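what follows is a predicted structure for the sequence shown.
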Amino acid sequence: MLIHCCSKIICNGCVHANYIRQWEGGLEETCPFCRQLLPDTDEEIDRNNMQRAKANDPNALYQVGCLCYEEEDYEGAFENWTKAAALGDMMAHSNISV
């Protein structure tokens, strides 16, 4: 599962355990990885992804590439996926090959 605040991928068991911890404690919803409050809007998610992409986070670069692809900006998608692939993101490798 992708966590949108810090671009980390963690297992669904960890996500579920964090959800249970928050629910039982009456806590606000936070990222299971970094414990920051989750973004409320798509704009915040996009802004966070762009910040992480500027910091050369491979998963964020992959996500930005996906956004470019959805907007039919194929050059932008290829550029971001190429950077992500160079940093070791396997999904970027896969999307480039397709």
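That came through fine.

how about the worst-scoring helix or strand of the chain on mean pLDDT: buried residues?
Least confident helix or strand, the chain: helix 42-54 with a mean of 84, by mean pLDDT, DSSP states H and E. Applying a neighbour-count criterion of 16 or more other C-beta atoms under 10 Å, one finds 48-49, 52-53 buried in helix 42-54. Quick note: C-beta positions are derived from backbone N, CA and C, even for glycine.

between helix 42-54 and the next helix or strand after it, find me the angle.
Downstream of helix 42-54, the first helix or strand assigned by DSSP states H and E is helix 58-70. Angle of helix 58-70 versus helix 42-54, following axes from the mean of the first three to the mean of the last three C-alpha atoms, to 10 degrees, is 120 degrees.

so for helix 58-70, mean pLDDT?
Across helix 58-70, pLDDT averages out at 92.

who does it touch, helix- and strand-wise?
helix 42-54, helix 74-86, helix 90-97 (3 or more C-beta pairs under 8 Å, 6 or more residues apart in numbering; DSSP states H and E).

apply 6 Å and report the result again.
Other helices and strands packing on helix 58-70, by 3 or more C-beta pairs under 6 Å, 6 or more residues apart in numbering; DSSP states H and E, are helix 42-54, helix 74-86.
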